[in-house]
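Asks: give me a 3D structure for the following:
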Amino acid sequence: GVNAEMTGRNDLTVDGKKFSGMSSLKIGNRFSCGGTLMIDVDLDRAAKALTPPKTKLKSKGVKSVHSRVTNIRQYFLPKYRDITFAGIKELMLKEVFSTDDLTSIPTYKMTASDWQEVEKIASGKFTDPDFIMGTKRDDDFFHGEHFDGLGTIEISFSVNDGIITHARIFGDFNKANGDLRAIEDQITGVPFRKDSLVEAFRISHLSDNIGQISPQQMAELMLDKQFREVN
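Replies: This next block holds a predicted model:
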């Protein structure tokens with residue numbers, strides 16, 4: 001009963017306010033995807049926890065997270081206003097699998113052996129600070145900007161004697177098959193000049209690896225002396 005619509009790249013909105021979003025992480029050929037539905041969220045706490053780049057809020061014409069998000073329970077039809085989370089999940093499963101019988105939905109139940117493997121991975125790799133926060137590296141510069149229709153692009157890089165010695169690219173752009181390492185390698189060792197950067201980005205297949213952004217825009221992001229804070 002909610003008059004929802006899909007906006008941007010990965011948001012569901014009602015009355016122009018976001019109540020759902022998707023995110024994904026690509027490591028090698030594997031993907032981790034997650035989604036949200038805001039039903040009974042404390043919006044004050046959400047505003048404090050969610051800290052998007054100021055340039056992203058500006059691009060969407062809003063002043064704060066609080067003014068951009070909402071809970072959808074208030075939009076439910078009266079007969080669904082008191083529905084539980086479990087009830088919502090059941091309705092979604094029935095809709096996705098086009099059935100009224102939950103028992104007919106293919107289900108995999110984790111075995112004790114499965115959980116042992118999960119615990120093994122969790123207690124090793126997922127407790128490693130380097131995995132959680134990323135290996136610490138102090139670069140000379142960290143520039144970022146939000147681009148409409150694409151997302152936020154951030155570049156951490158170092159320059160020595162006018163040459164780029166290290167670069168890492170981050171962002172929330174949804175390019176599943178993108179290879180950021182290829183771009184990073186392409187600009188490493190390049191003179192820190194606009195013409196050199198534009199050429200390096202030109203042969204980095206930006207449209208395949210990041211999206212619709214030009215070599216000039218990427219070069220200007222790195223060279224921007226009026227860099228705007230993104231945190």
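Asks: what comes into contact with stretch 182-201?
Replies: Here stretch 182-201 makes contact (CB atoms under 8 Å, 6 or more residues apart in numbering) with 157, 159, 162-169, 203-206, 209-210, 215-216, 218-220, 222-223. Backbone N, C-alpha and C define where each C-beta goes, glycine included.
Asks: give me that answer again for 6 Å
Replies: Contact partners of stretch 182-201, identified using CB atoms under 6 Å, 6 or more residues apart in numbering, comprise 159, 162, 164, 167, 169, 204, 209, 215-216, 218-219, 223.
Asks: now stretch 3-10
Replies: Stretch 3-10 has contacts (CB under 6 Å, 6+ apart) with 12-14, 21-22, 174.
Asks: if we can go back for a sec, which of the contacts of stretch 182-201 sit farthest apart?
Replies: Distance extremes for the contacts of stretch 182-201: the farthest pair is 162 and 209 at 25.7 Å, using CB to CB.
Asks: these two: which is more packed in?
Replies: residue 209 (18 against 9; other CB atoms under 10 Å).
Asks: tell me, how many residues neighbour the nearest residue to that one once chain neighbours are set aside?
Replies: Once flanking residues are discounted, residue 209 sits nearest to residue 178: 4.1 Å by CB to CB, 6 or more residues apart in numbering. Other residues lying near residue 178 total 20 when counted by other CB under 10 Å.
Asks: point to the residue nearest the middle of this protein.
Replies: Among the residues of the chain, residue 172 comes closest to the average C-alpha position under CA atoms, centre = their mean, at 3.6 Å.
Asks: distance of that residue from residue 115?
Replies: Here residue 172 is placed at a distance of 32 Å from residue 115 (CB to CB, to the nearest Å).
Asks: which segments of the chain make up each domain?
Replies: Domain assignment of the chain by automatic domain parsing yields the ranges 5-109, 141-223.
Asks: tell me which of those domains sits most buried.
Replies: By mean neighbour count, with neighbours taken as mean count of other CB atoms under 10 Å, domain 141-223 ranks first of the domains of the chain at a mean of 17.
Asks: and that one, what's its mean pLDDT?
Replies: The average pLDDT for domain 141-223 rounds to 89.
Asks: try stretch 118-132
Replies: Average pLDDT, stretch 118-132: 83.
Asks: check contacts around the residue nearest to the centre of the chain.
Replies: Taking CB under 6 Å, 6+ apart, we find residue 172 in contact with 151-152.
Asks: please report how far it lies from residue 24.
Replies: With distances taken as CB to CB, residue 172 is found 10 Å from residue 24.
Asks: how about residue 143, secondary structure?
Replies: Using DSSP: H, G, I helix; E, B strand; the rest coil, the three-state assignment for residue 143 comes out as strand.
Asks: quick check: it touching residue 153?
Replies: No. Assessed by CB atoms under 6 Å, residue 143 is found out of contact with residue 153, at 8.9 Å.
Asks: gap between stretch 120-133 and the chain center?
Replies: Offset of stretch 120-133 from its chain centre (CA atoms, centre = their mean, to the nearest Å): 21 Å.
Asks: that stretch: which residues count as buried?
Replies: For stretch 120-133, a neighbour-count test (16 or more other CB atoms under 10 Å) marks nothing as buried.
Asks: put the alpha carbons of it into PDB.
Replies: The C-alpha trace of stretch 120-133 is given here as PDB (Å, rounded to 0.1, in the frame of the first residue of the first chain):
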ATOM      1  CA  LYS A 120      36.500 -20.100  11.900                       C
ATOM      2  CA  ILE A 121      36.500 -17.300   9.300                       C
ATOM      3  CA  ALA A 122      35.000 -14.700  11.700                       C
ATOM      4  CA  SER A 123      37.500 -15.400  14.500                       C
ATOM      5  CA  GLY A 124      40.400 -15.000  12.100                       C
ATOM      6  CA  LYS A 125      40.000 -12.700   9.200                       C
ATOM      7  CA  PHE A 126      37.100 -10.600  10.400                       C
ATOM      8  CA  THR A 127      38.700  -9.800  13.700                       C
ATOM      9  CA  ASP A 128      41.900  -8.500  12.100                       C
ATOM     10  CA  PRO A 129      42.000  -4.700  12.400                       C
ATOM     11  CA  ASP A 130      43.800  -4.400   9.000                       C
ATOM     12  CA  PHE A 131      40.800  -6.200   7.400                       C
ATOM     13  CA  ILE A 132      38.200  -4.100   9.300                       C
ATOM     14  CA  MET A 133      39.800  -0.700   8.900                       C
END
